[in-house]
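Visitor: When you get a sec, could you give me coordinates for this:
(one chain, ligands or ions: 1)
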Amino acid sequence: NAPLAEVDPEIAAVLQNELGRQRDTLEMIASENFVPRAVLESQGSVLTNKYAEGYPGKRYYGGCEFVDVAEQLAIDRAKALFGAAYANVQPHSGASANAAVLHAIASAGDTILGLELAHGGHLTHGMKLNFSGRIYNAVSYGVDPDTFEVDYDDIRAKAIEHQPKVLIAGWSAYPRQLDFAKFREIADEVGATLWVDMAHFAGLVAAGLHPSPLPHAHVVSSTVHKTLAGPRSGIILSNEESLFKKLNSAVFPGQQGGPLMHVIAAKATAFLLAATPEFKDRQERTLRGAKALADRLTQDDAKAAGIDVLTGGTDVHLVLVDLRESEVDGKQAEDLLHEVGITVNRNSVPFDPRPPMVTSGVRIGTSALATRGFGDAEFTEVADVIALTLMPEPDIAALSARVKALTDAFPLYA
Ligand code: PLP
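Guide: Have a look, this model is predicted:
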């Protein structure tokens with residue numbers, strides 16, 4: 001029972017180095033966040049030792065009396081948080097939640113209709129190398145080439161043309177809210193099941209700052225680790241009674257074996273915290289931070305450098321920087337921001353003229369910094385640092401110093 005540093009100093013060094021990296025840089029990858037210590041505690045706990053195939057009260061293993069309590073708490077809290085009659089908290093990840101959803105509501109060869117990957121969709125919504133594109137007949141809708149917003153007339157036309165079994169609403173890179181009622185209307189018109197993947201905006205929904213898909217969708221999936229700020233994992237929710245049993249058996253035994261009870265316990269804590277006023281305040285700061293960033297990146301000096309923001313702004317926790325007119329491409333932007341201490345990811349913009357490894361965009365999110373404690377003043381400062389870094393001849397040393405002042409003022413896991 002020696003400590004990690006003694007048993008495996010190489011891995012212990014990785015943990016220390018990663019903690020240092022998280023502390024000393026500004027994390028602005030839109031899909032990331034910082035979990036509270038309480039969540040780390042569950043995840044690094046003895047619950048990892050326990051097999052618990054099945055569901056609370058109906059397990060295929062003995063000794064589940066305590067993990068049953070954890071899973072039931074996670075289920076009850078998820079249901080209360082999102083207003084769902086059903087919750088499955090076992091998916092190991094967002095992708096495995098999505099695999100289970102499709103397993104429950106479609107059969108091999110059925111047509112599924114989702115947002116094009118290159119326009120902000122996710123791999124599991126029908127990308128050709130992903131299980132979703134290999135098992136199902138995946139077709140896609142895109143965003144409008146002028147507004148860069150989803151075009152409901154196009155979705156409806158595609159739905160009528162392809163008669164999908166499943167209509168998917170949800171995104172990995174899209175800065176606006178979706179109209180779930182409209183999606184449901186289209187799904188009903190063609191007899192499709194509506195599945196909403198709220199992985200990115202679930203935290204905003206939990207805080208009441210984004211419309212909930214639950215009144216409209218047949219089934220909703222999510223990750224727990226993005227805006228929701230819980231452990232890396234997935235969940236499935238529904239108010240469609242005819243699907244509850246199918247969804248449960250699609251997760252287990254359909255997709256998974258033993259659930260990760262340490263992660264499920266951590267999910268329970270994350271859902272508890274997501275119902276607090278502090279969580280709502282954090283989501284509000286997240287949204288204001290994203291707006292401040294969009295405002296700064298659409299000012300005249302940025303425009304003159306060929307920088308813009310897709311759709312002209314944001315309603316959510318992220319901004320999609322449009323560098324199609326800029327001399328700096330997505331890869332260079334990611335590298336420059338890394339140099340000053342800001343972590344982001346390059347991202348293709350719809351109709352991107354540059355190749356996928358280069359891209360003409362950057363996706364920048366504000367969730368993790370809001371968790372770190374940033375408010376309006378700090379987000380205004382970060383926005384200015386980002387804008388100046390992407391403009392011609394950035395003063396990297398001066399910009400790095402401004403980043404350091406921010407990381408020093410907001411210590412992480414202090
Ligand atoms: N769904 C959406 C919309 C996502 O953006 C992501 C992750 O980026 C996922 C699902 C998959 O989540 P995971 O990485 O946990 O498999």
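
Visitor: Could you find the closest non-adjacent residue to Leu323?
Guide: Ser360 (4.8 Å; CB to CB, 6 or more residues apart in numbering). For the C-beta atoms, the positions are set from N, CA and C on the backbone; glycine is no exception.

Visitor: Next, work out how far apart that neighbour and His122 are.
Guide: Ser360 sits at a distance of 20 Å from His122 (criterion: CB to CB, to the nearest Å).

Visitor: What values do phi and psi take at the residue nearest to Leu323?
Guide: phi -120, psi 30 (degrees, to the nearest 10).

Visitor: Would you check how far apart it and the ligand are?
Guide: Shown here: Ser360 relative to the ligand, a distance of 20 Å by CB to the nearest ligand atom, to the nearest Å.

Visitor: which parts of this structure sit against the ligand?
Guide: Within reach of the ligand by CB under 6 Å from any ligand atom, the chain has these residues: 31, 93-95, 98, 122, 124, 170-172, 197, 199-200, 223, 234.

Visitor: related to what we said a few turns ago, for the residue nearest to Leu323, give me its contacts.
Guide: Counting by CB atoms under 8 Å, 6 or more residues apart in numbering, Ser360 touches Asp322, Leu323, Arg324, Ser326, Asp329, Gly330, Ser348, Val349, Asp352, Pro353, Arg354.

Visitor: how long is stretch 213-224 end to end?
Guide: Start-to-end span of stretch 213-224 (CA to CA, to the nearest Å) is 16 Å.

Visitor: And stretch 166-179, by the same measure?
Guide: Criterion CA to CA; first-to-last residue distance in stretch 166-179 is 17 Å.

Visitor: list the buried ones in it?
Guide: Within stretch 166-179, the residues that count as buried by 16 or more other CB atoms under 10 Å are Val166, Leu167, Ile168, Ala169, Gly170, Trp171, Ser172, Ala173, Tyr174, Pro175, Arg176, Leu178.

Visitor: Closest one of those residues to the ligand?
Guide: Ser172 (3.4 Å; CB to the nearest ligand atom).

Visitor: The closest one - nearest residue in space that isn't next to it in sequence?
Guide: That would be His122: by CB to CB, 6+ apart, it lies 4.6 Å from Ser172.

Visitor: For the protein, which residue gets nearest to the ligand?
Guide: Gly94 (2.3 Å).

Visitor: separation between the closest residue to that residue other than its chain neighbours and Ala104?
Guide: Residue nearest to Gly94 in three dimensions, not counting chain neighbours: Thr223, with 3.7 Å by CB to CB, 6+ apart. Between Thr223 and Ala104 the computed distance is 18 Å (CB to CB).

Visitor: Residue ranges in the stretch 1-150 of the chain under the pLDDT threshold?
Guide: Within the stretch 1-150 of the chain, not a single segment meets pLDDT under 70.

Visitor: could you pull out the strands for it?
Guide: Per DSSP state E, counting those that start in this stretch, the stretch 1-150 of the chain carries strands over the ranges 26-27, 54-55, 58-59, 86-88, 111-115, 137-141.

Visitor: my guess is Glu327 meets Ala333, correct?
Guide: No: Glu327 is beyond contact range of Ala333, at 10.5 Å (criterion: CB atoms under 8 Å).

Visitor: The two: who's more crowded?
Guide: Set Glu327 next to Ala333 and count neighbours by other CB atoms under 10 Å: Ala333 wins out with 25 against 9.

Visitor: what secondary structure does the closest residue to the more buried one other than its chain neighbours sit in?
Guide: Of all residues not flanking Ala333 in the chain, Val362 sits nearest, at 4.8 Å (CB to CB, 6+ apart). Under DSSP: H, G, I helix; E, B strand; the rest coil, the three-state class of Val362 is strand.

Visitor: all helices of the stretch 51-200 of the chain, in order?
Guide: Using DSSP state H, counting those that start in this stretch, the helices of the stretch 51-200 of the chain run over 65-82, 94-105, 131-135, 152-162, 180-190.
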